[in-house]
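A.B. asks: give the three-dimensional model of this entry:
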Amino acid sequence: MRILLSDGSGVTSRQCATVLSRAGHHVEALSPDPRCLCAFTRHVRRVHRVPSYGADPYGWLEAATGVYRRGGFDVLLPTQEQVAVLSREDGAGTATAVPPFAALAAVQDKVSAHATLARFGLPQPASAVVRDLAGWDGYPAYVKRPIGTAGSGVRRLAGPGEPIGPSWDGEPELLVQREVQGPLAMVQSVFDTGALVAFHACLRVREGARGGAGHKRGVALPEVREHLRALGEGLGWHGALSADVVLGADGPAFIDVNPRLVEPVNALLSGVDLITPLLD
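C.D. replies: Below is the predicted model:
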């Protein structure tokens, strides 16, 4: 098949390209940066210049669907946050795998995700949604912006009175969570209209750049699998769904949800193909 990746800049896109190309598919990618990561691999035939998604999501969508139509692609595969506008526009006339927008909105920001995880009974650290930290006494803790990456939207606070930073001023709501000690597990799944069709989990054995995983090891986490199944079934999820889970002394605690696929090669090396069911 002819497959167009929604983004060419990240490691997930680079790994998807490798898996797809080795399976015999023709792979191209979209990016505002012609020197993105996917431009430096033989597994991607071409990178198409498009507007930056963060600055202009609908400009990105118009350009992306134009490339899709003109190139005769069979699938537009969301590999980054572009899943949001594709979900909002019900695929925008492309063959893709995205959840219903109401389901995506339920986990898209950290405050909404916290409420959704609680609604479906998934375990989390002791948490609160606050305007400020005046009444919070559970330290060490992590304070999180509703929207933001692990590098720019999360701060660890060792104790009360520790400043978050002036750039956090004006946030209407913050999610604060007590720190849970234990290894970090990254879990990935694929759902077909609420039915779990693929699942993989791996441990972060060694921390890499910006808190990522420099080394991973695949593990069996049946309890976490069932928690994620309950979430996907409850939301009627369609497509890829990932999460970060701390394996604490009292059991797993979900600390983040990501409405897309994340770095599928470790799963493949562990015997779990996430890409094929996503395409199916």
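A.B. asks: residue 206: neighbour count?
C.D. replies: 10 (other CB atoms under 10 Å). C-beta here means a position set from N, CA and C on the backbone, and glycine is covered the same way.
A.B. asks: okay, the nearest residue to it once chain neighbours are set aside: pLDDT?
C.D. replies: Leaving aside its chain neighbours, residue 206 sits nearest to residue 215 (3.8 Å; criterion: CB to CB, 6 or more residues apart in numbering). pLDDT, residue 215: 82.
A.B. asks: and if you look at residue 172?
C.D. replies: pLDDT, residue 172: 86.
A.B. asks: I'd assumed residue 132 was in contact with it.
C.D. replies: No: counting by CB atoms under 8 Å, residue 172 does not reach residue 132; the two are 10.9 Å apart.
A.B. asks: strands paired with the lengthiest strand in the chain, and their directions?
C.D. replies: Across the chain, the strand with the greatest residue count (assigned by DSSP state E) is strand 195-207. Taking DSSP bridges as the criterion, strand 195-207 forms sheet pairs with strand 184-192 (antiparallel), strand 213-219 (antiparallel).
A.B. asks: going along the chain, name the strands of the stretch 101-250 of the chain.
C.D. replies: Shown for the stretch 101-250 of the chain, the strands assigned by DSSP state E, counting those that start in this stretch span residues 127-130, 141-144, 154-157, 174-178, 184-192, 195-207, 213-219, 239-248.
A.B. asks: between those, which gets the lowest average pLDDT?
C.D. replies: The lowest average pLDDT among these, as it happens, falls on strand 213-219, at a mean of 85.
A.B. asks: which other residues reach it?
C.D. replies: For strand 213-219, the surrounding residues in contact (CB atoms under 8 Å, 6 or more residues apart in numbering) are 184-186, 200-208, 266-267, 269-272.
A.B. asks: just the CA trace of it, in CSV.
C.D. replies: Extracted in CSV, the C-alpha atoms of strand 213-219 (Å, rounded to 0.1, in the frame of the first residue of the first chain):
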residue,chain,number,x,y,z
ALA,A,213,13.7,5.6,27.4
GLY,A,214,17.3,4.9,26.4
HIS,A,215,16.7,1.2,26.9
LYS,A,216,13.4,-0.8,27.0
ARG,A,217,12.5,-4.4,28.0
GLY,A,218,9.2,-6.0,26.9
VAL,A,219,7.2,-7.3,29.9
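A.B. asks: rebuild the strands paired with strand 195-207 as CSV, extending it with mean neighbour count and distance to residue 161.
C.D. replies: CSV is the format used below for the strands paired with strand 195-207 (neighbours: other CB atoms under 10 Å; distance: least, CB to CB, whole Å):
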stretch, mean neighbour count, distance to residue 161
strand 184-192, 23, 27
strand 213-219, 16, 32
